[in-house]
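Chemist: only geometry, no sequence info:
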DNA sequence: ATGGACCTTCCCATGATGGGAGGGTCAAGA
DNA sequence: TCTTGACCCTCCCATCATGGGAAGGTCCAT
């Protein structure tokens, strides 16, 4: 399978497949004489694996680890579970943070007349409000 | 106030203050003869405004709009409210998406023994699982 | 043989932020 | 007055995962 066929088979764009090659995450099984990438079932499954893992919010860093465990037939499931659990904790933390934002804004919006007049508690809050204690250093990944 | 004093007064890093200048969001009141940026109360308040708005998850794009409404004494509060409500809806959508991820992973992790054996339902899911229907095109902003 | 649909590499952009180099400026103490 | 250290300046580069696009080579069906 060339890159276009692999892309169709996995739903991963050709661009991304080339990127995964570049970062040594999934290399093509071989190259044709004319330098076209060739993928077989092994890589196709790995690309699907990555796609699914991304859709669950794992960073490429985590996926690199997961993929290496996946390739290792003797892996202890403990290690896989640890990565998943860390990611869940991470998700939960972000969720809590975003819920706090949404709740604050819902309250402010509720107090705002939303008409032609200029008085607006939302702007007032932005002018005077203290932001929450811990700005929460965000792990650089995860935006999708 | 020079940039360092403004930074201390607002909690916004000097780097970011320079960036806001560069993108014409908050320009210094003036420059000294030696080209140092000078800020006065007006800009200090605007920087605080931005910091607070960022902490509520607004993108720079949205903050640009909010700041321009803030500067406009005659703004209709309707416009402010509309921006806030859109942002809340956006937050809620992300939250729902991340909760779905976390729930899926929690289930998989719960089913994983997490011991020395290689069998792992998490990896099995990543191999076979279908990802959710709508990959959800992410608005480019907001990762922090 | 031609044309269109592929493929290749290379470069650039995103958004908000930080790091750092290389060089100028200021103020306090000797 | 000179030195020193703490500032400030601009400019460039990196992040992370992804997409856009240019310039050029390849393959296949007509």
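Modeler: Looks like it arrived, so ask away. Note that the coordinates shown come from a computational prediction; the quantities given were computed from them, not determined experimentally. Numbering: from 1, shown residues only, chains lettered A, B, ... in the order given.
Chemist: In chain A, spot the helix with the most residues.
Modeler: As assigned by DSSP state H, the longest helix anywhere in chain A is helix A:77-110.
Chemist: and the next helix or strand after that one, how far out from the chain's middle?
Modeler: Remark: after helix A:77-110, the chain's next helix or strand is helix A:121-128, criterion DSSP states H and E. How far helix A:121-128 lies from its chain's middle: 33 Å, per C-alpha atoms, centre = their mean, to the nearest Å.
Chemist: what do you get for stretch A:117-132?
Modeler: Relative to its parent chain, stretch A:117-132 has a centroid offset of 32 Å by C-alpha atoms, centre = their mean.
Chemist: In this structure residue A:69 contacts residue A:80, no?
Modeler: Yes. Counting by C-beta atoms under 8 Å, residue A:69 touches residue A:80, with 5.4 Å between them. C-beta: built from backbone N, CA, C; applies to glycine.
Chemist: Now the phi/psi pair for residue A:31, please.
Modeler: Residue A:31 has phi and psi values of phi -130, psi 150 when expressed as degrees, to the nearest 10.
Chemist: Pull the number of nearby residues for it.
Modeler: By other C-beta atoms under 10 Å in any protein chain shown, 11 other residues sit near residue A:31.
Chemist: same check, this time on residue A:58
Modeler: So residue A:58, with other C-beta under 10 Å, has 24 neighbours.
Chemist: Quick check: residues of chain A near DNA strand C?
Modeler: Applying C-beta under 7 Å from any atom of the strand, one finds that chain A approaches DNA strand C through A:2, A:3, A:4, A:5, A:7, A:14, A:18, A:35, A:36, A:37, A:143.
Chemist: The second one against residue A:14, yeah?
Modeler: Translated: residue A:3. Yes. With contact defined as C-beta under 8 Å, residue A:3 reaches residue A:14; the gap is 4.8 Å.
Chemist: residues bridging contact with residue A:69 and residue A:80, i.e. touching both?
Modeler: Taking C-beta atoms under 8 Å, 6 or more residues apart in numbering or on different chains as the criterion, residue A:69 and residue A:80 both touch residue B:123.
Chemist: which of the two has more neighbours?
Modeler: Set side by side, residue A:69 and residue A:80 show more neighbours around residue A:80, with 24 against 20, by other C-beta under 10 Å.
Chemist: if we can go back for a sec, out of residue A:3 and residue A:14, which sits in the more crowded spot?
Modeler: Shown here are residue A:3 and residue A:14; by other C-beta under 10 Å, residue A:3 has more neighbours (19 against 15).
Chemist: The longest helix of chain A near chain B anywhere?
Modeler: Yes. If you take C-beta under 8 Å from any C-beta of the partner chain as the test, helix A:77-110 does meet chain B, through A:77-78, A:80-82, A:84-85, A:87-88, A:91-92, A:94-95, A:98-99, A:101-102, A:104-106, A:108-109.
Chemist: Now residue A:113: phi and psi?
Modeler: phi -60, psi -40.
Chemist: any idea what residue A:9 is structurally, helix, strand or coil?
Modeler: Secondary structure, DSSP: H, G, I helix; E, B strand; the rest coil: residue A:9 is helix.
Chemist: Could you check the pLDDT of the residue lying farthest from the centre of chain A?
Modeler: Relative to the centre of chain A, the most outlying C-alpha is that of residue A:117, 41.6 Å out, by C-alpha atoms, centre = their mean. As predicted, residue A:117 sits at a pLDDT of 93.
Chemist: That one and residue B:74 touch, don't they?
Modeler: No. Applying C-beta under 8 Å as the test, residue A:117 and residue B:74 come out as separate, 9.5 Å apart.
Chemist: What's the end-to-end length of stretch A:108-121?
Modeler: End-to-end distance of stretch A:108-121 (C-alpha to C-alpha, to the nearest Å): 6 Å.
Chemist: May I see the domains of chain A written out as residue ranges?
Modeler: Per the record, chain A has its domains at A:3-55, A:59-144, by automatic domain parsing.
Chemist: Check the ones you listed for me: which has the lowest mean pLDDT.
Modeler: Mean pLDDT is lowest for domain A:59-144 out of these, coming in at a mean of 85.
Chemist: hang on, the earlier thing: buried among the residues of chain A next to DNA strand C? Make that a ChimeraX selection.
Modeler: A single ChimeraX command selects the buried members of these (16 or more other C-beta atoms under 10 Å in any protein chain shown):
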select /A:3,7,37
